[in-house]
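[1] Sharing a model that was predicted from the sequence below.
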There are 2 protein chains.
Amino acid sequence: MSSVTINDVARFAGVSKKTVSRVINNEINVSVETRDKVMAVINQLGFKRNPLGMALAKNRSLFIALLADNPSPGYLQKLQKGILQCCSEEHMGLFLYDCRYRSPGLVNEIEEFIDNTLADGLILVPPLSDKQDLLDMLDRKKVCYIRIGPKNQGCGDSVGFNGVKAACEMTSYLLRLRHKEIAFVLGHPDQESSRRVETGFRKAFADQGLSVNEALIVQGYYTYQSGIDAAATLLSKVPRPTAILAANDEMAAGVLYEAHSRGIKVPEELSICGIDDISLTTKVWPNLTTMRQPIATIGYRAALMLINKLKGKPMPEAVTPEDQSNIYDCELIVRDSTSAPTNLRT
Amino acid sequence: MSSVTINDVARFAGVSKKTVSRVINNEINVSVETRDKVMAVINQLGFKRNPLGMALAKNRSLFIALLADNPSPGYLQKLQKGILQCCSEEHMGLFLYDCRYRSPGLVNEIEEFIDNTLADGLILVPPLSDKQDLLDMLDRKKVCYIRIGPKNQGCGDSVGFNGVKAACEMTSYLLRLRHKEIAFVLGHPDQESSRRVETGFRKAFADQGLSVNEALIVQGYYTYQSGIDAAATLLSKVPRPTAILAANDEMAAGVLYEAHSRGIKVPEELSICGIDDISLTTKVWPNLTTMRQPIATIGYRAALMLINKLKGKPMPEAVTPEDQSNIYDCELIVRDSTSAPTNLRT
DNA sequence: ATGCAAATTGACACCGGTGTCAATTTGCAT
DNA sequence: ATGCAAATTGACACCGGTGTCAATTTGCAT
């Protein structure tokens, strides 16, 4: 491993290594001739800065990590994809850390993880985004973080989607199809998005001057199994709801499975839809109607914000309102799991 | 960040920092009294070795990375889970790197990734496991790696599953159900597991003295879409196969979707099964029969082998033949997507 | 008690970078 | 040409560890 060091470059260029350091860090106060000369040697020798040397000297590793314990694997997968895309472009490594939100020693485990890797930037996925004791520890250790979908979205250290609007649009769509008995499967009570989505659901009814049937709102936990359980409850009711909106696709898939198990035809007898647009939506039959959340974009954005924060670079000028607020809108994707209720169709 | 350094410990314990270094590295030639004294101070002060300092001095980061470009997200997810479990126990960080196998600059990109992170251990997921130019580069850079499911499985630097046996068992199961027209969807031609699984499929027929209907063997690529495409071909044939075995679950799910689209009842009119046992198998309806591969165990094992290799530790004594050979067996999981062909029932 | 090999320990340089501060050079007004 | 502030550069110490090798201590046979 005969890698080229800053000393090699300095010797070749006939300058001190501090000057080389200045050049590779784009510092001011280096004459143009010196900079050109050093750059030429750097390119000629194929020099690359050793990130460990820098990390040690600066006491900042510039490594970032993704901390996740999310009940929807498809969501995480897309988020991870966006984050990795950004890391790749920015020449950063991404550490992965799987955790169990409910573990009592979680904060200590994460602190140990940070000590072991010296990651100095973190991306927090719900429900970690609002875990106050975790945030306190990170602040104490001066570890930067960006949160996905926390309580006070849009405050500069977070990225998220407009859950109110998304759920409202989806519900309005079902109302437009003239569904009357629309059920709703709530998200996990510990996740803020859950509340936003519920608000949106209720808003759609309120906008039409309609009232929500509270008996058709059941608790879910964003997991596939919780979708099955919620559907078991809902599909036993008389009269049965004609449409079920789940707070995420993972649960919507569970609802669909339960409908199949009971021999209920989708969408003829029951419309089902979710939120997120994870890959699972097009792997079940029929494909699920959903609100497409730009998950990968959100991941990319979170990583970019974090990396720029660590490097002390400002974010590029926001061109869209979404980039301005870091709150992204969803898009209605109509697939095969929704239709008008049967009694209204010919 | 007032972290305790090796110098602090040395001063407190009244020894040189080299002696502290000896203690934390468990070197011989430290007197018991000295070791105890230093350990006491280490515990008292809460000293933790700075991995960056060590990495720089030893020229080995002990960081490992997972390189993946696998067509089955559910497979990757489970593999990743096992790897992370091991990393967590061993107090190691795991870098993630997503790549596109077909990208012409892939080897250079990976080299750059390694330079940026200084990972000195890699886990290679198929189809990367057998990419010779990649392996050459890693050998040149003296980067350790463990491969998942490569050509010459069981050679000490790889972990895998017994694909021949798995496919043979699954096919035998279908034959026992008295299916005659059994179709097979091949895996990706670039992945060695694909060949092993095909061998197993053929072996099951040979074991019974039966011959394979070559027209019912179609190419797949381990992706969901390729499963749909293969099913479209197979289900148009007259007579239609009564069972389809796909080389992985991702494709089996695609086959199931296509069957649904054509109104073909599963398992009454068509049995479908796959290999892997990813979470998708229990999210589609009906749940898919499969051969359960201990994916997380394989991931865990790969990570452990890699970490021990990097630390210069020997692997623990193998207790099972699987741990001995690092080739794991699958288990038949019968779910709802398979049954005897209709003409034989009742 | 003495001599000698083995065990234990520490001084020092080094891994590959950066920060501080002083020394040197440059550019401009006089 | 001279003086002075600003720009440029380098010497040196340091980040937190480890490797080498010599110095010191220990344990045992004589």
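    Cool, the structure landed. For clarity, every value in this text was computed on a predicted model and none was experimentally measured.

[2] burial of the residue nearest to A:Gly254 when sequence neighbours are not counted, as a residue count?
    Closest residue to A:Gly254 apart from its sequence neighbours, by C-beta to C-beta, 6 or more residues apart in numbering or on different chains: A:Gly227 at 2.3 Å. No exception for glycine: its C-beta is placed from N, CA and C like everyone else's. Residues near A:Gly227, counting by other C-beta atoms under 10 Å in any protein chain shown, number 30.

[3] A:Gly227 and DNA strand C, how far apart?
    50 Å (C-beta to the nearest atom of the strand, to the nearest Å).

[4] what sits against that residue?
    By C-beta atoms under 8 Å, 6 or more residues apart in numbering or on different chains, the contact list for A:Gly227 reads A:185, A:220, A:246, A:250-255, A:257-258.

[5] contact partners of stretch A:31-49?
    With C-beta under 8 Å, 6+ apart, stretch A:31-49 has contacts from A:3-6, A:8-9, A:12-15, A:19-20, A:23-24, B:115.

[6] What's the nearest residue in the stretch 201-346 of chain A when you look at DNA strand D?
    A:Leu310 (18.0 Å; C-beta to the nearest atom of the strand).

[7] residues near that residue, how many?
    By the criterion of other C-beta under 10 Å, A:Leu310 has 18 neighbours.

[8] Give me the nearest residue to it, chain neighbours excluded.
    Among residues not flanking A:Leu310 along the chain, A:Gly121 sits closest, at 4.9 Å (C-beta to C-beta, 6+ apart).

[9] on that earlier part again, farthest pair within the contacts of stretch A:31-49?
    Taking C-beta to C-beta as the measure, those span a maximum distance of 25.6 Å, between A:Gly14 and B:Asp115.

[10] if we can go back for a sec, narrow the contacts of A:Gly227 to those in helices?
    The helices, defined by DSSP state H, take in A:250-255, A:257-258 from the contacts of A:Gly227.

[11] Among the contacts of stretch A:31-49, which ones lie close to DNA strand D?
    When contact is defined as C-beta under 7 Å from any atom of the strand, those meet DNA strand D at A:14-15, A:19.

[12] Could you give me the buried positions within the lowest-mean-pLDDT helix or strand in chain A?
    Using mean pLDDT, DSSP states H and E, helix A:321-325 stands out as the lowest-scoring helix or strand of chain A, at a mean of 89. Neighbour counts using 16 or more other C-beta atoms under 10 Å in any protein chain shown place A:322-323, A:325 of helix A:321-325 among the buried residues.

[13] Likewise for stretch A:166-176?
    Residues of stretch A:166-176 classed as buried by neighbour count (16+ other C-beta under 10 Å): A:166-175.

[14] Break chain A into its domains for me.
    As given by automatic domain parsing, the domain ranges for chain A are A:6-49, A:64-148+A:295-327, A:163-293+A:331-344.

[15] Check the gap between the residue nearest to A:Leu310 and B:Leu94 for me.
    Using C-beta to C-beta, to the nearest Å, A:Gly121 is found at 16 Å from B:Leu94.

[16] same thing with A:His179?
    Remark: distance between A:His179 and B:Leu94 (C-beta to C-beta) = 46 Å.

[17] before we move on, what about A:Glu112?
    In terms of C-beta to C-beta, A:Glu112 sits 15 Å off from B:Leu94.

[18] which residues touch stretch A:106-116?
    Defining contact as C-beta under 8 Å, 6+ apart, one finds that stretch A:106-116 is touched by A:65, A:67, A:97, A:99-100, A:103, A:119, A:122, A:131, A:133-134, A:137, A:141, A:143, B:48, B:51, B:88, B:91-93.

[19] can you give me the helices in the stretch 151-300 of chain A?
    With DSSP state H, counting those that start in this stretch, the ranges of helices along the stretch 151-300 of chain A come out as A:163-176, A:192-207, A:224-234, A:249-261, A:295-311.

[20] just those helices: most buried one?
    Of all those, helix A:249-261 has the most neighbours on average by mean count of other C-beta atoms under 10 Å in any protein chain shown, namely a mean of 27.

[21] so what secondary structure elements neighbour it?
    For helix A:249-261, the packing partners by 3 or more C-beta pairs under 8 Å, 6 or more residues apart in numbering or on different chains; DSSP states H and E come out as helix A:73-89, strand A:182-185, helix A:224-234, strand A:243-246, strand A:271-276.

[22] which stretches of chain A have low pLDDT?
    Within chain A, the segments meeting pLDDT under 70 span A:1-2, A:343-346.

[23] Give me the contact status of the helix or strand where A:Arg35 lies with DNA strand C.
    Following DSSP states H and E, the helix or strand that holds A:Arg35 is helix A:32-45. No - judged by C-beta under 7 Å from any atom of the strand, helix A:32-45 and DNA strand C are separated, with a smallest distance of 9.3 Å.

[24] Get me the contact residues on chain A for DNA strand D.
    Within chain A, the positions near DNA strand D by C-beta under 7 Å from any atom of the strand are A:14-19, A:22, A:28-31, A:33-34, A:53, A:56-57, A:59.

[25] need the contact list for the closest residue to A:Cys99 other than its chain neighbours.
    Distances taken as C-beta to C-beta, 6+ apart put A:Asp69 closest to A:Cys99, at 4.8 Å, once the chain neighbours are dropped. By C-beta under 8 Å, 6+ apart, the contact list for A:Asp69 reads A:98-101, A:125, A:127-128.

[26] Now for the residues you listed: which two are most distant?
    Longest distance between any two of these is 14.1 Å, between A:Asp98 and A:Pro127; criterion C-beta to C-beta.

[27] Those two: which has the busier surroundings?
    Legend: neighbour count by other C-beta under 10 Å for A:Asp98 and A:Pro127, higher for A:Pro127 (23 against 17).

[28] Isn't the more buried one up against A:His188?
    Yes - between A:Pro127 and A:His188 there is a contact under C-beta atoms under 8 Å: 6.4 Å.

[29] roughly how far is stretch A:191-208 from the heart of the chain?
    Mean-position distance between stretch A:191-208 and its chain equals 20 Å (C-alpha atoms, centre = their mean, to the nearest Å).
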